[in-house]
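**Student:** give the three-dimensional model of this entry:
(chains A and B)
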Number of protein chains: 2
Amino acid sequence: MSNDTAGIVGDTVPPYYAAILTTVLATDPEDLAGYDAASERMLDLARSMDGYLGLEYARADGVGVAVSYWRDLDALRAWREHAEHLGVQLLGRQRFYRAYRARICRVEREYAWRRGDPLGAPPYR
Amino acid sequence: MSNDTAGIVGDTVPPYYAAILTTVLATDPEDLAGYDAASERMLDLARSMDGYLGLEYARADGVGVAVSYWRDLDALRAWREHAEHLGVQLLGRQRFYRAYRARICRVEREYAWRRGDPLGAPPYR
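**Tutor:** Numbers count the residues shown, from 1 in each chain, chains lettered A, B, ... in the order given. I've put the predicted structure just below:
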């Protein structure tokens, strides 16, 4: 992966699944104790799971948008229902988050561009 | 919308469509001239379009994840192919972005939680 595309999950080919998790973080520092460690651990756990394709993520002004990609719905379900992940989801409701919304999506098409590619619209596949 | 959920698009009910746009921003300030104005204008344009449901967005460390939601594939296509939007997409390739990837997704399920809701896993619908 070139530096230009760092942060973008490449090499995916539809169809596959996306979980969009949009979060509003707690503002009280006490609520956020352990948040970074839990996030790191969840990323490691996701990476270890069968069918994990990658994660795209940004947070600004307290709003985070994290999209994880999965080979199929079974892989995504195994992630959603992993015991350790369920524990952290509960911690999220108890402390880390003021609100969140999670969406399960089937990725049907995609297109990608990077510097050096033609300037015309990239192929839509 | 309460302050807790500012930044989260609420009231959506599957099925509907999501366009996930993940971008790596240019680093040269010259390339970024006009970027903020173009982003604002695109948001106004999207809001004006039939079938637009909302936008969730964050950018950090040069990586942006923007998810726009649409009633159906026709609404999303009209947005993708709007003449003014096509012009800004080209500007993106010419100047604003080092790379991007766009994904068209059908949102099949979702769940939401906010402070004050029960601490158990939110209903998965």
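**Student:** and the lengthiest helix in chain A, what does it pack against?
**Tutor:** Assignment by DSSP state H gives helix A:35-48 as the longest helix of chain A. If you count contacts as 3 or more CB pairs under 8 Å, 6 or more residues apart in numbering or on different chains; DSSP states H and E, helix A:35-48 packs onto strand A:52-60, helix A:83-91. For every residue, glycine as well, the C-beta is placed using N, CA and C.
**Student:** what about residue A:35, how many neighbours?
**Tutor:** 18 (other CB atoms under 10 Å in any protein chain shown).
**Student:** ok, it touching residue A:96?
**Tutor:** Yes - using CB atoms under 8 Å, residue A:35 is in contact with residue A:96, at 5.0 Å.
**Student:** mind listing the shared neighbours of the two?
**Tutor:** residue A:25 (CB atoms under 8 Å, 6 or more residues apart in numbering or on different chains).
**Student:** just to revisit the earlier point, select, out of the helices and strands packed on helix A:35-48, the one closest to residue B:59.
**Tutor:** Each of the helices and strands packed on helix A:35-48 has some distance to residue B:59 by CB to CB; the shortest is strand A:52-60, at 5.3 Å.
**Student:** so that closest one, near chain B or not?
**Tutor:** Yes - contact of strand A:52-60 with chain B (CB under 8 Å from any CB of the partner chain) involves A:56-60.
**Student:** centre of the chain to that strand, how far?
**Tutor:** 4 Å (CA atoms, centre = their mean, to the nearest Å).
**Student:** with stretch A:100-115 instead?
**Tutor:** With CA atoms, centre = their mean, you get 10 Å for stretch A:100-115.
**Student:** buried residues in that stretch?
**Tutor:** Buried residues in stretch A:100-115, counted by 16 or more other CB atoms under 10 Å in any protein chain shown: A:100-107, A:110, A:112-114.
**Student:** show me which of those neighbour chain B.
**Tutor:** A:100-107, A:110, A:112-114.
**Student:** ok, residue A:29 - how many residues close by?
**Tutor:** Residue A:29: 8 neighbours (other CB under 10 Å).
**Student:** again with residue A:11
**Tutor:** When neighbours are counted by other CB under 10 Å, residue A:11 registers 8.
**Student:** how much space separates it from chain B?
**Tutor:** 10 Å (CB to the nearest CB, to the nearest Å).
**Student:** surely that residue is within a helix?
**Tutor:** No - Residue A:11 sits outside any helix when classified using DSSP: H, G, I helix; E, B strand; the rest coil, being coil.
**Student:** distance of it from residue A:82?
**Tutor:** 24 Å (CB to CB, to the nearest Å).
**Student:** can you check residue A:42 too?
**Tutor:** For residue A:42 relative to residue A:82 (CB to CB), the value is 9 Å.
**Student:** quick one: which of those two has more around it?
**Tutor:** Each of residue A:42 and residue A:82 has its neighbours counted (other CB under 10 Å); residue A:42 has more, 20 against 17.
**Student:** what sits against the more buried one?
**Tutor:** By CB under 8 Å, 6+ apart, the neighbours of residue A:42 are A:85, A:88.
**Student:** try it again with 6 Å
**Tutor:** Applying CB atoms under 6 Å, 6 or more residues apart in numbering or on different chains to residue A:42 gives the contacts residue A:88.
**Student:** what score does it have for pLDDT?
**Tutor:** Per-residue confidence at residue A:42 stands at 97 (pLDDT).
**Student:** and the gap between it and chain B?
**Tutor:** Taken as CB to the nearest CB, the span from residue A:42 to chain B is 16 Å.
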